[in-house]
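Engineer: Fold the following and give me the result.
(2 chains)
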Amino acid sequence: MAAGVAAWLPFARAAAIGWMPVANCPMPIAPRDHRKRHDELIILNVSGRRFQTWRTTLDRYPDTLLGSSEKQFFYDEETKEYFFDRDPDSFRSILNFYRTGKLHYPRYECISAYDEELTFFGIIPEIIGDCCYEEYKDRKRENAERLQDDQDDNKDCKLPNMTYRETMWRAFENPHTSTMALVFYYVTGFFIAISVLTNVIETVPCGATPSQKDMPCGERYTIAFFCMDTACVLIFTVEYLMRLFAAPSRYQFMRSVMSIIDVVAIFPYYIGLVMTDNEDVSGAFVTLRVFRVFRIFKFSRHSQGLRILGYTLKSCASELGFLLFSLTMAIIIFATVMFYAEKGSSSTKFTSIPASFWYTIVTMTTLGYGDMVPKTIAGKIFGSICSLSGVLVIALPVPVIVSNFSRIYHQNQRADKRRAQKVQKARLARIRIAQTGSSCTGFLQSKRNDLLNELLELTGSEEEEQQLNKGMSLLESQHHHLLHCLEKTTAHEFVDEQLYEQNCLETTIQSYTSRSPSFSSQDGPIGTCCTRRGKMNSPLPNSSLPLQPSHQQGSLQELSALHIQCGDKLPHTTSRSSLNMKTDDVGLINCKGSQITTAIISIPTAPSDTTDGGALHGPPQRRPPPPPTGPQAPSINTTASSNVIKVSAL
Amino acid sequence: VSITTIVVEDGELSTVCYRPEGLDQLLQQTKFTRRELQILYRGFKNECPSGVVDEETFKLIYSQFFPQGDSSTYAHFLFEAFDTHKNGMVSFEDFVTGLSIILRGSVTEKLNWAFNLYDLNKDGFITKEEMTDIMSSIYDMMGTCTYPCMQNDAPKEHVDNFFQKMDKNKDGVVTIEEFLESCQKDENIMQSMHLFDNVI
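Structural biologist: Residues are numbered from 1 along each chain as shown, chains lettered A, B, ... in the order given. Presented below is the predicted three-dimensional model:
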């Protein structure tokens, strides 16, 4: 439990007195505190530096070394102190954890040394307080990466048992892994370069021959260029198909940007092959050749920088969009103004507003081609305003975008870090809940342990029972006692989610059984909590067998199923007296039971108590003899006892 | 109680430090031993270095014990019961006085304290509404995952039961005399009053 809980537990228990007058049932007995009540100072000698604290401070965390009996191993009889041969500086923060409940990570400590200390003293690092948690995680990640880098260098050897496909994929993604991959990498790079070069040279006019005018090389050496083009496309197609084959997720691969670029690079060639003869579409075919320039993007597989640039552009898309938008606004404004200003002058180039767009763009970007110039005075005035504002409009967003780049880049890095940490923290919150045991799972677990206790009592083995009881610290047992009192006060029990949902399901199914009204009418004078036990049986009389298997899952449920079976037999002999008898028994049992009893198991034992106790000598000895039963009792008992025998067989 | 307030530049109160009466005075006022008071104060001061508990902290502390349900309403009522000076803070004196009654008082005193807890407006009568409030807050602490499933009228049923038992003259309110009388007749209640005597 956290320090806060430990210190306030006595208060919470005292405050439970507020429930007592409203409770209708007797309360369970409080766990006894066997230890000495007064507090004593403990001396902890860590490599010569003596720390002193109260024993109860250390007892707050019973699942650590200092809080448990493990520290007895370090006890020095002569000096009456606990000696630890560890680093005293780190011990300071560990001891502060006990005192304040918060674990801090000192910045000057080495992370692995600190981790070792924590492991030695049995403290899980996840409970580091929020103030130091980020720092701790950062350092830990850094450290892990450093170790990882060292390891990666040794990881070049081929992992055994990889399929051929996996090997190929790995070769494609990391060309450094094998020589074949490296060769492939360079060959494709070379062919991409060749392809781009031929595209470019195709259009250069080669030397003039006497027969014809200057024509581009592409038309002069058609065959050569065609062969070159074919070779390149062949290589690219083969590469694409091989990547497609090797990809672990083909659909994913086909959607990736690189594969789209690959497809766009080789498609025009095939389309061209298909429709060479048709004159009409050859125009379109020529346009398609423009797509061949996309082959240059294939270089991005070979260049890390290109990839980063593409990524940053993508991440700055909104800023660029805004820049574009503001520019468009300015362009439209100035183009309109210029058009109307120049409207008057004759033979003006500003024929329409869209025509003025060109002038505005050229002026604002300070290009100033000079193909369109204003002639009127108003036009010149507005033109100068346009060029001045152009400087501002262009110059201002650029640093913003640049700083955005760096901000977004760092933000992305931090966001990834934070996301990873958040996932961690959610998981750790779960660990915390599970670990501290102050949640009801601890309580429910102890209830199951108590049921097991009951079973063990039935079978008469004392030792195991004591072992189970020792598992809980005093604080935990006191807390569980408190929760138990609350259960008694409200006449409801804590259950875990699974069981709760099952029960809800069943109660809705059973809500229209004919028996339940008759039972509830009997419940009135007995009192709510005892009524509950009657009610627990009431849905069952008409319960069909299929319901019972649903209870077979946990031990808790199995036991409840068994007791339900007992209850099942009762209605055969249903009468007010027998029901009253049973609940009186239960009341008595609860008053004088020496353990924290739970409702469920007391019912099967109640009928069993009324037997001759043949198979079950255990319980009658510890519980008071039950009152004499009615005449119907024997019929219940024989069937009940057979069920209870089943219980002990568990 | 000696109060030290530290005022920051712009006039805001930063920390308020409460210091309780001396140990001897508290010894006279409560029924705890010196040792017990020392342990209590150490725990209290550790959790609340400023020397007082406010309602939010109170609710937070109490909620740690009942993770499945919502204990804030009951914690609020408890806070009101402990805060005898009605200043929104529970100092160590209030705390220890209350605990002294609960843990070391006579049965009558304990029952008186419980009555005071239930009587929300402290007028000397417990009405059905007050009782329903208290009962709902107790049932809230159980949460939803209970067996049997928590019905909405469970507290109301319980309250009716309570009034049936306690309200002798059937006038719709429970006075302190009726309360004491009914509780002293009920064996269970009398026994459970001593349940937490050795908590400290």
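
Engineer: Return the residues in contact with the one residue sitting closest to the centre of chain B.
Structural biologist: Centrality entry for chain B: nearest residue to the mean C-alpha point is residue B:78, 3.3 Å, by Cα atoms, centre = their mean. Applying Cβ atoms under 8 Å, 6 or more residues apart in numbering or on different chains to residue B:78 gives the contacts A:15, A:18, B:58, B:62, B:117. Just so you know, the C-beta spots here come from the backbone N, C-alpha and C atoms, and that holds for glycine as well.

Engineer: Export these to a markdown table and append columns for distance to residue A:189 and pLDDT.
Structural biologist: Formatted as a markdown table, the contacts of residue B:78 follow (distance: Cβ to Cβ, whole Å; pLDDT from 0 to 100):
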| residue | distance to residue A:189 | pLDDT |
| --- | --- | --- |
| A:15 | 77 | 85 |
| A:18 | 81 | 84 |
| B:58 | 71 | 85 |
| B:62 | 70 | 85 |
| B:117 | 83 | 90 |
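
Engineer: Give me the subset of those that lies in helices.
Structural biologist: The helices, defined by DSSP state H, take in A:15, B:58, B:62, B:117 from the contacts of residue B:78.

Engineer: The third one: neighbour count?
Structural biologist: When neighbours are counted by other Cβ atoms under 10 Å in any protein chain shown, residue B:62 registers 21.

Engineer: What residue, apart from its backbone neighbours, is nearest it spatially?
Structural biologist: Nearest non-adjacent residue to residue B:62, counting by Cβ to Cβ, 6 or more residues apart in numbering or on different chains: residue B:75, 3.9 Å away.

Engineer: residue ranges with poor pLDDT in chain B?
Structural biologist: B:1-17 (pLDDT under 70).

Engineer: Which parts of it are strands?
Structural biologist: B:2-7, B:13-19, B:52-54, B:89-91, B:125-127, B:146-147, B:173-175 (DSSP state E).

Engineer: can you check chain A too?
Structural biologist: Using DSSP E, strands in chain A cover A:41-46, A:49-54, A:75-76, A:81-84, A:493-494.

Engineer: one step back: of the contacts of residue B:78, closest to residue A:490?
Structural biologist: Of all these, residue A:490 sits closest to residue A:18, with 12.8 Å by Cβ to Cβ.

Engineer: Show the contacting residues for the closest residue to that closest one other than its chain neighbours.
Structural biologist: Distance criterion Cβ to Cβ, 6+ apart; nearest residue to residue A:18, sequence neighbours excluded, is residue B:117 at 4.9 Å. Contacts here follow Cβ under 8 Å, 6+ apart; on that basis residue B:117 touches A:18, B:77, B:78, B:81, B:134.

Engineer: one more time with 10 Å
Structural biologist: A:15, A:17-19, A:21, B:74, B:77-78, B:80-82, B:98, B:102, B:126, B:134 (Cβ atoms under 10 Å, 6 or more residues apart in numbering or on different chains).

Engineer: which regions of the stretch 151-300 of chain A lie under the pLDDT threshold?
Structural biologist: Short version for the stretch 151-300 of chain A, where the test is pLDDT under 70: A:151-161, A:207-213, A:276-285.

Engineer: cutoff 80 now
Structural biologist: Filtered on pLDDT under 80, the stretch 151-300 of chain A yields the residue ranges A:151-163, A:174-177, A:206-220, A:272-290.

Engineer: Can you name the residue of it nearest to chain B?
Structural biologist: residue A:249 (41.7 Å; Cβ to the nearest Cβ).

Engineer: backbone phi and psi for that residue, please?
Structural biologist: phi -130, psi 100 (degrees, to the nearest 10).

Engineer: Quick check, it in contact with residue A:255.
Structural biologist: Yes - between residue A:249 and residue A:255 there is a contact at 9.4 Å, judged by Cβ atoms under 10 Å.

Engineer: Go ahead and confirm residue B:130 touches residue B:173.
Structural biologist: Yes - between residue B:130 and residue B:173 there is a contact at 9.1 Å, judged by Cβ under 10 Å.

Engineer: which residues do those two both contact?
Structural biologist: B:119, B:123.

Engineer: Name all residues that make contact with residue 135.
Structural biologist: I'll assume chain A. Applying Cβ under 10 Å, 6+ apart, we find residue A:135 in contact with A:104, A:105, A:106, A:107, A:111, A:128.

Engineer: nope, chain B
Structural biologist: Residues near residue B:135 by Cβ under 10 Å, 6+ apart: A:19, A:22, A:489-490, B:118, B:128, B:154-159, B:161-162.

Engineer: still on that earlier bit, highest mean neighbour count out of the strands of chain A?
Structural biologist: strand A:493-494 (a mean of 23; mean count of other Cβ atoms under 10 Å in any protein chain shown).

Engineer: count of neighbours near residue A:97?
Structural biologist: Residue A:97 has 23 neighbours, counted by other Cβ under 10 Å.

Engineer: If we ignore the residues flanking it in sequence, what's nearest it?
Structural biologist: Once flanking residues are discounted, residue A:97 sits nearest to residue A:103: 4.3 Å by Cβ to Cβ, 6+ apart.

Engineer: ok, what's across the strand from the one you found?
Structural biologist: For residue A:103, the beta-bridge partners are residue A:128 (DSSP bridges).

Engineer: what about it, how many residues close to it?
Structural biologist: 21.

Engineer: pretty sure residue A:28 contacts residue A:477?
Structural biologist: No - contact criterion Cβ under 10 Å: residue A:28 and residue A:477 do not qualify, at 11.1 Å.

Engineer: before we move on, back to that, please identify which of the ones in helices among the contacts of residue B:78 is nearest to residue A:370.
Structural biologist: For the ones in helices among the contacts of residue B:78, the nearest to residue A:370 is residue B:58 (80.7 Å; Cβ to Cβ).

Engineer: Enumerate every residue touching the closest one.
Structural biologist: Residue B:58 makes contact with A:8, A:11, B:48, B:72, B:75, B:76, B:78, B:79, B:82, B:83, B:89, B:90 under the criterion Cβ under 10 Å, 6+ apart.

Engineer: same thing but 6 Å
Structural biologist: Residues counted as contacts of residue B:58 (Cβ atoms under 6 Å, 6 or more residues apart in numbering or on different chains) are B:75, B:79.

Engineer: Residue A:320 - how many residues pack around it?
Structural biologist: 14.

Engineer: same check, this time on the one 4 residues further on
Structural biologist: Applying other Cβ under 10 Å, we find 11 residues neighbouring residue A:324.

Engineer: Can you tell me how far it is from residue B:183?
Structural biologist: 80 Å (Cβ to Cβ, to the nearest Å).

Engineer: Can you pull out the low-pLDDT segments for the stretch 351-500 of chain A?
Structural biologist: Using pLDDT under 80, the stretch 351-500 of chain A drops low at A:393-476, A:495-500.

Engineer: just the helices in it please.
Structural biologist: A:353-364, A:377-395, A:397-436, A:440-459, A:462-470, A:474-490, A:497-510 (DSSP state H, counting those that start in this stretch).
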